[in-house]
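**Student:** my questions are about this predicted structure, shown below with the sequence.
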Amino acid sequence: MKNPVSELGRFLTSMDAKAATSLFVSTALLVFVLLMFIFGQQWLALEDQSDLNRVLFAASQSPWAVPIVVSIFVILALTGFPQFILIAATVFAFGARDGAFYSWLATMISATVTFGLGHWFGGRFVRRFGGERTQATIDFIGRHGILASGLIRVVPSAPFIVVNAAAGAAHIPLWKYWAGTSVGIVPKILFVAVLSTLAPNEQSVSDGIEGIYQFFTSREPQDLALLVALIAGWLAFLLCVRWIYMRMRGGGE
């Protein structure tokens, strides 16, 4: 029986400089991503949404706002930070219109980065984050391409990095991934943007129950009706998309 240690040593010593460099870079990148996913939120001191709000508000005052927001999205994508909270914080800092656009752009770029990680490292890399059940997600995306790339943006199934890396590991064409993702992230962003114009602002929330009560009693009845309709419509949309998702996923098993 061959000694695995000696076989590994023979393999490493037989590599040329280019192969050795590629192996080193790949290993270092993999270790970095794993550490960011496990400890990233603690290292960046962004475990609390108020910390994130402060960072994004500071970015909104900078002429480099767009690259700063994109960088935040890319970095936090590696930590498993909840995307919904990230989008909400961006909309809060930049307003409904600009916040929605920046969120869409930054999400597309960060999704492409994590897609590339999954494509580069493959299914074993993705399973390190999501476990063996992630293989079912990889297979699902591989079968349905564009539609799957869009649906998994709406259905809560796994952290952002796992979903995107699974798409990369499925080796679907990048243009299909972009097509599905660019459309699939729109409903969530629009929901947050519209909700931000109807829901209590930060000052009302900080004033407690009395502040929230005063906020709602000062609104027009049609605004309150629109808020209720928006939330009800969003929940119905989620249920509908989840039903389609489960039907498609079950049909392939």
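**Tutor:** Yes, it's here.

**Student:** dump the C-alpha coordinates for the helix or strand I72 falls within into PDB.
**Tutor:** Using DSSP states H and E, I72 sits within helix 65-77. The C-alpha trace of helix 65-77 is given here as PDB (Å, rounded to 0.1, in the frame of the first residue of the first chain):
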ATOM      1  CA  ALA A  65     -19.900  55.900  -2.800                       C
ATOM      2  CA  VAL A  66     -20.400  53.400  -5.600                       C
ATOM      3  CA  PRO A  67     -17.100  51.500  -5.300                       C
ATOM      4  CA  ILE A  68     -17.400  51.600  -1.500                       C
ATOM      5  CA  VAL A  69     -20.800  50.000  -1.600                       C
ATOM      6  CA  VAL A  70     -19.700  47.400  -4.100                       C
ATOM      7  CA  SER A  71     -16.700  46.600  -1.900                       C
ATOM      8  CA  ILE A  72     -18.900  46.200   1.100                       C
ATOM      9  CA  PHE A  73     -21.300  43.900  -0.700                       C
ATOM     10  CA  VAL A  74     -18.400  41.700  -2.000                       C
ATOM     11  CA  ILE A  75     -16.700  41.500   1.400                       C
ATOM     12  CA  LEU A  76     -19.800  40.700   3.300                       C
ATOM     13  CA  ALA A  77     -20.900  38.100   0.700                       C
END
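
**Student:** so what's V113 up against?
**Tutor:** V113 makes contact with V74, A77, according to Cβ atoms under 8 Å, 6 or more residues apart in numbering. All C-beta atoms are positioned from the backbone trio N, CA, C, and that covers glycine.

**Student:** how about the longest helix along the chain: buried residues?
**Tutor:** When the chain is parsed with DSSP state H, its longest helix is helix 221-251. Across helix 221-251, burial judged by 16 or more other Cβ atoms under 10 Å covers L227, L230, W234, L238, V241, Y245, R249.

**Student:** report the angle between whichever strand or helix holds D98 and helix 65-77.
**Tutor:** Per DSSP H and E: D98 is located in helix 96-121. Interaxial angle, helix 96-121 versus helix 65-77 (axes from the mean of the first three to the mean of the last three Cα atoms, to 10 degrees): 50 degrees.
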